[in-house]
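Asks: Predicted structure and sequence below. I'll ask about it afterward.
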Amino acid sequence: MKQLIALVLTAGMTVACASQKAPAEMALKGLEQAVTAATPEIEMFAADRMTGLTDAVGAAKKKLEGGDYAGVVADVQTVTAQLSAAAQAAAAKKADLTTEWATFAALPAMVGQVTAKLTELTGLRRLPAGMTKTTVDDARASLDKVNALWSEASGAFEKGDLMAAVARARDIKPMVDALMSSLGVATAAAAR
């Protein structure tokens, strides 16, 4: 990615020195390649910046078609800076989401504790004081939902969809905390 941006800048400088059609075309082509290479990450993590980039590339193409080679050079340099900023924003968002995902690492262990507690309660002849069969049944239903959501979150993470994975994990965390609380499970292993 950085190599493509450097290529675009080099091509842009070449165009600045000689206002000709061929160097302007080369600079624009380099820019388009850099935008294409960066698009997946930017669309996923900084989508709000993508429209501005594509619009700016389109404007540079129109200038090239109109013979405004100096305008193409100026646009390529401007859009390269925008592309760099968008790529940095996307990388920062991805890093933030990756860090947040790591904070949910204890959720499977917490779910395991809840599962063990439900198994223990199911084996008892008499439930502890303050605990009813309805409480246990509701906890079991909630645990099933938690397991389904965690499966979705893990699947999204494995596919590289950090946004969906973290969103699901954010939904799961309070559910697991509520289960632990309602079943009297110690929260020492709680995530976050």
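Replies: Perfect, I can see it now.
Asks: Domain map for the protein?
Replies: Here the domain parsing of the chain from automatic domain parsing is 2-92, 104-183.
Asks: shouldn't residue 111 be in contact with residue 145?
Replies: No: Residue 111 is beyond contact range of residue 145, at 11.3 Å (criterion: Cβ atoms under 8 Å). The way it works is simple: take the backbone N, C-alpha and C, and place the C-beta from them, glycine included.
Asks: and the top helix by length along the chain, what other elements does it pack with?
Replies: Ranked by residue count and defined by DSSP state H, the top helix of the chain is helix 69-103. In this structure, helix 69-103 makes packing contacts with helix 2-17, helix 21-45, helix 50-65, helix 162-183, judged by 3 or more Cβ pairs under 8 Å, 6 or more residues apart in numbering; DSSP states H and E.
Asks: Let's have these in TSV, adding mean neighbour count.
Replies: Output for the helices and strands packed on helix 69-103, formatted as TSV (neighbours: other Cβ atoms under 10 Å):
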stretch	mean neighbour count
helix 2-17	17
helix 21-45	19
helix 50-65	16
helix 162-183	18
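Asks: how about the ones you listed, which one is nearest residue 97?
Replies: Using Cβ to Cβ as the measure, helix 162-183 is the one of these that comes nearest residue 97, at 4.1 Å.
Asks: And residue 72, how far from residue 132?
Replies: Distance from residue 72 to residue 132, counting by Cβ to Cβ, to the nearest Å: 74 Å.
Asks: Looking at these two, which has the bigger crowd around it?
Replies: Remark: of residue 72 and residue 132, residue 72 carries more neighbours, 28 against 9, as counted by other Cβ atoms under 10 Å.
Asks: Report the contact partners of that one.
Replies: When contacts are counted by Cβ atoms under 8 Å, 6 or more residues apart in numbering, residue 72 is found next to 15, 24, 27-28, 60, 63-64.
Asks: What is the nearest of those residues to residue 166?
Replies: Nearest to residue 166, judged by Cβ to Cβ, of the contacts of residue 72 is residue 60 at 35.5 Å.
Asks: circling back: have a look at residue 111 and residue 145 and say which one is more surrounded.
Replies: Taking other Cβ under 10 Å, residue 111 and residue 145 do not tie; residue 111 has more neighbours (19 against 12).
Asks: Brilliant, that's me finished.
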